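K.L.:
Let's see this in three dimensions:
(chains A and B)
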There are 2 protein chains.
Amino acid sequence: MADRTVYFLSDGTGITAETFGNSILAQFAVKPRHVRRPFIDTAEKAREVVHEINAIAESGAPRAIVFATLVNREVLALVREQCQAMVLDMFGMFIAPLEEEFALKSSHRVGRFGDAAKSQEYQDRIEAINFSLAHDDGQSARNLDTADVILVGVSRSGKTPTSLYLAMQHGIKAANYPLIPEDFERGRLPEALKVHKSKCFGLTIDPDRLSQIRNERRPGSKYADFGNCRYEVAEAESMMKREGIAWLSSTHKSIEEIATTILRDIRPDRLVY
Amino acid sequence: MADRTVYFLSDGTGITAETFGNSILAQFAVKPRHVRRPFIDTAEKAREVVHEINAIAESGAPRAIVFATLVNREVLALVREQCQAMVLDMFGMFIAPLEEEFALKSSHRVGRFGDAAKSQEYQDRIEAINFSLAHDDGQSARNLDTADVILVGVSRSGKTPTSLYLAMQHGIKAANYPLIPEDFERGRLPEALKVHKSKCFGLTIDPDRLSQIRNERRPGSKYADFGNCRYEVAEAESMMKREGIAWLSSTHKSIEEIATTILRDIRPDRLVY
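P.N.:
A predicted model of the protein is given here:
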């Protein structure tokens, strides 16, 4: 079914169109070719891409499907009228009913990020990314009191990508701190975490998956050995249980799912703003 | 206008609903309260949230607006029938016309990430994040030949967040390498970059904005001094011009816009897949 092409057309980055379009396409047993065309904000650029899209229909292949998030009225009209394709006007479908609900006209402002680099929300995201980088893998115990969340778990349980995602997507200052064999021998949480237990959240992982991931890094090492992975995971889980730290298994979850679960469980306030 | 509440309701993470919903709301001069409710995947959880939403209308406040990405039919029916709110069924509006276009029934599968942690695309994202971290700020010149993109620019021009975003969102192996005063004195690109010039992309920034950012880190330092920032930026820009490296200014752009421009300009293949 790769004879279908899906276009994501936007006068902004097109990331919203693509993400949402993909979640809809995931409902179908199809594997189309994806083409994202960002920054289509003039009639000239629109004509170019319309030409490209029409060439598909003219070649005899099934017509393209176009997910469009176009705020510019001239560009939208041109795409709607001239594309030989199924055009889904993703904004239009929602704007009209919302204009009625709000009793307000929409502004037709391009993009989610008007003067992005200036907004407080945006500054917070950048600051959170810097914080998460500086507090990756227990690098620094300084300023842990300003962390929103501290992820704990054995090496390679998914802490780093999750911390960065929380920072980047949600502006959450997420530190992460490894649980290592020395901690298991002592039978205690790392000293730096003691006073911050209430904002700790644990990640765990199936030992066989962990062993597989670690083997990619250090093939044949004790670090990657299945028995050792099983030991570390069991020790980490019983430590978290003993300390009353909530945790989840990252084995079958995406970063997005892990991050959302963490927010819901320990920072539900960050889902409301 | 904060008397309005907007709900993002999903049987997955709700991130798609929220991102897309926000880009639509950005078209209106309203500042509603946002509530994201993820993982609403049983009738019981749905009844709870419907109760919460209905309490708003019953209190006499304007009814809530509900952006729903619900695949589970039972949950969707319950929300549509029982919510005293404006319910926007974001999937429904697209699924029916696409079923007709594809001549296929949709699968009603929850979420974009079926068995996320197993997919190749997902593994690539995680690998790219690890790569970008290992190659942040010129930390390592090893394996630069496997980088998809190498961002260059003066310290604090936006290289790190952009690299991480490219990795996380697009699975792009993005290294970044600073241009420092020693490079300007020598008048040459850092040695490690010479053979990789074709995948270098530059970030620049207004000197006054740069000085402001650096002053937050090291107040009153030479590093943050406006004259020094102006010197470094001018030197970096003329070096990039001389070396034929494309660049953009990050001053008024979001990470998403910077990343999309880089892909479009030097890796257009990554916008088609």
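
K.L.:
Sketch out the low-pLDDT regions of the stretch 1-150 of chain A for me.
P.N.:
For the stretch 1-150 of chain A, the stretches flagged by pLDDT under 70 are A:1-2, A:109-118.

K.L.:
Would you map the helices across it?
P.N.:
Under the criterion DSSP state H, counting those that start in this stretch, the stretch 1-150 of chain A contains helices at A:15-25, A:43-58, A:73-82, A:92-102, A:120-134.

K.L.:
can you tell me how far residue A:257 sits from residue A:166?
P.N.:
From residue A:257 across to residue A:166, the span is 12 Å (C-beta to C-beta, to the nearest Å). Every residue, glycine included, has its C-beta placed from N, CA and C.

K.L.:
which one of these two has more residues nearby?
P.N.:
Neighbour totals were compared for residue A:257 and residue A:166, and residue A:166 leads with 28 against 23 (other C-beta atoms under 10 Å in any protein chain shown).

K.L.:
Check for me that that one belongs to a helix.
P.N.:
Yes: residue state for residue A:166 (DSSP: H, G, I helix; E, B strand; the rest coil) corresponds to a helix.

K.L.:
So which residues of the stretch 101-250 of chain A form strands?
P.N.:
Counting by DSSP state E, counting those that start in this stretch, the stretch 101-250 of chain A has these strands, from start to end: A:149-153, A:174-178, A:200-204, A:247-249.

K.L.:
Return the residues of the stretch 151-273 of chain A in contact with chain B.
P.N.:
For the stretch 151-273 of chain A, the contact set with chain B under C-beta under 8 Å from any C-beta of the partner chain comprises A:160-161, A:164-165, A:168-169, A:250-257, A:259-261, A:264, A:271-273.

K.L.:
Weed out the non-buried ones from these.
P.N.:
Among those, the ones that count as buried by 16 or more other C-beta atoms under 10 Å in any protein chain shown are A:160-161, A:164-165, A:168-169, A:250-251, A:253-257, A:259-261, A:264, A:271.

K.L.:
Could you chop chain A up by domain?
P.N.:
Using automatic domain parsing, the domain parsing of chain A gives A:5-102, A:118-271.

K.L.:
Let's have those in a markdown table, adding distance to residue B:4.
P.N.:
Output for the domains of chain A, formatted as a markdown table (distance: least, C-beta to C-beta, whole Å):
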| stretch | distance to residue B:4 |
| --- | --- |
| domain A:5-102 | 8 |
| domain A:118-271 | 17 |
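
K.L.:
Can you say which of those is nearest to residue B:89?
P.N.:
Smallest distance to residue B:89 across the domains of chain A (C-beta to C-beta): 10.7 Å, for domain A:5-102.

K.L.:
picking that back up, is it possible to export the strands of the stretch 101-250 of chain A to JSON lines including mean neighbour count?
P.N.:
Output for the strands of the stretch 101-250 of chain A, formatted as JSON lines (neighbours: other C-beta atoms under 10 Å in any protein chain shown):
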{"stretch": "strand A:149-153", "mean neighbour count": "27"}
{"stretch": "strand A:174-178", "mean neighbour count": "26"}
{"stretch": "strand A:200-204", "mean neighbour count": "24"}
{"stretch": "strand A:247-249", "mean neighbour count": "19"}
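
K.L.:
could I get those strands as a markdown table with distance to residue B:180?
P.N.:
As requested, the strands of the stretch 101-250 of chain A are exported to a markdown table (distance: least, C-beta to C-beta, whole Å):
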| stretch | distance to residue B:180 |
| --- | --- |
| strand A:149-153 | 33 |
| strand A:174-178 | 28 |
| strand A:200-204 | 36 |
| strand A:247-249 | 42 |
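
K.L.:
and residue A:62, which of these is closest to it?
P.N.:
When the strands of the stretch 101-250 of chain A are compared for distance to residue A:62 using C-beta to C-beta, the nearest one is strand A:247-249, at 41.6 Å.

K.L.:
Direction included, what does the closest one pair against?
P.N.:
strand A:200-204 (parallel) (DSSP bridges).

K.L.:
Pull the residues that contact the strand it pairs with.
P.N.:
Strand A:200-204 is contacted from outside by A:149-154, A:157-159, A:162, A:193, A:233, A:236-237, A:240, A:243, A:245-250, A:258, A:262, A:265-266, using C-beta atoms under 8 Å, 6 or more residues apart in numbering or on different chains.

K.L.:
center of chain A - which residue?
P.N.:
Against the mean C-alpha coordinate of chain A, by C-alpha atoms, centre = their mean, the closest residue is residue A:256 at 5.0 Å.

K.L.:
Hmm, residue B:15 and it touching each other?
P.N.:
Yes: between residue A:256 and residue B:15 there is a contact at 5.6 Å, judged by C-beta atoms under 8 Å.

K.L.:
Next, show the common contact partners of those two.
P.N.:
Common contacts of residue A:256 and residue B:15 (C-beta under 8 Å, 6+ apart): residue A:169.

K.L.:
what residues are up against residue A:140?
P.N.:
Residues in contact with residue A:140, defined by C-beta under 8 Å, 6+ apart, are residue A:134.

K.L.:
residue of the stretch 151-273 of chain A with the smallest distance to chain B?
P.N.:
residue A:254 (3.6 Å; C-beta to the nearest C-beta).

K.L.:
which secondary structure elements does the longest helix seen in chain A contact?
P.N.:
Counting residues, the longest helix in chain A under DSSP state H turns out to be helix A:226-243. Under the contact definition 3 or more C-beta pairs under 8 Å, 6 or more residues apart in numbering or on different chains; DSSP states H and E, helix A:226-243 sits against helix A:181-186, strand A:200-204, helix A:207-217.

K.L.:
okay if I get those as CSV plus mean pLDDT?
P.N.:
Converted to CSV, those look like this (pLDDT from 0 to 100):
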stretch, mean pLDDT
helix A:181-186, 95
strand A:200-204, 97
helix A:207-217, 94
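
K.L.:
Can you tell me which of these is packed in deepest?
P.N.:
strand A:200-204 (a mean of 24; mean count of other C-beta atoms under 10 Å in any protein chain shown).

K.L.:
before we move on, the earlier item: show me the one of the domains of chain A that comes nearest residue B:106.
P.N.:
Residue B:106 lies closest, by C-beta to C-beta, to one member of the domains of chain A: domain A:5-102, at 4.0 Å.
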